[in-house]
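Novice: Coordinates for the following, if possible.
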Amino acid sequence: MLFCAAGMSTSLLVTKMRNAAAEKNLDVSIEAHGVSQLEDRGKEADVILLGPQIRYLLKKARGLYPDKPVEVIDMRAYGMIDGEKVIESVMEWLQEE
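Specialist: Just a heads-up that it's a prediction; the model follows:
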């Protein structure tokens, strides 16, 4: 689950991530929500990704969900709307768990 400030760039990124996941035959559900929904919707997530513009919430999000991977999306991957790079990063984070 991705959380961001505004949503426009993130919705494009979600589409690219879904396409990249499908190409890799990954059975995943990818959603984007506004940061105001972090406390409510984060409960449903397996992985929580924060947009770079809200990286300042990383410590808070990790405190809310200490049992889940919580990371900030790489600024370059986010800016380039590189869904494949974000999927690869998530896979690496999950392997580290």
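
Novice: Lys85: neighbour count?
Specialist: 18 (other Cβ atoms under 10 Å). Any C-beta I mention is one placed from the backbone N, CA and C, and that applies to glycine too.

Novice: and if you look at Glu92?
Specialist: 10.

Novice: just the one 3 residues further on next, same as before
Specialist: Around Gln95 sit 7 other residues, with neighbours defined as other Cβ under 10 Å.

Novice: Downstream of the longest helix seen in the chain, the next helix or strand is which one?
Specialist: Longest helix in the chain, counting residues (DSSP state H): helix 8-23. Helices and strands here follow DSSP states H and E; after helix 8-23, the next one along the chain is strand 32-34.

Novice: Tell me how far the next helix or strand after that next one lies from the chain's centre.
Specialist: Next in sequence after strand 32-34, counting helices and strands by DSSP H and E, comes helix 38-41. Relative to its parent chain, helix 38-41 has a centroid offset of 13 Å by Cα atoms, centre = their mean, to the nearest Å.

Novice: likewise stretch 68-77?
Specialist: 6 Å.

Novice: What lies in contact with that stretch?
Specialist: Stretch 68-77 is contacted from outside by 2, 13, 42, 45-52, 55, 58, 61-62, 82, 85-86, 89-90, 93-94, 97, using Cβ atoms under 8 Å, 6 or more residues apart in numbering.

Novice: May I see the buried residues of it?
Specialist: For stretch 68-77, the neighbour count (16 or more other Cβ atoms under 10 Å) marks 68-73, 77 as buried.

Novice: how long is that stretch from one end to the other?
Specialist: 22 Å (Cα to Cα, to the nearest Å).

Novice: Residue ranges in the protein under the pLDDT threshold?
Specialist: Counting by pLDDT under 70, the ranges of the chain that qualify are 7-8, 97.

Novice: Helix, strand, or coil at the residue positioned nearest the centre of it?
Specialist: The residue lying closest to the centre of the chain (Cα atoms, centre = their mean) is Leu49, at 2.7 Å. Under DSSP: H, G, I helix; E, B strand; the rest coil, Leu49 falls in the strand class.
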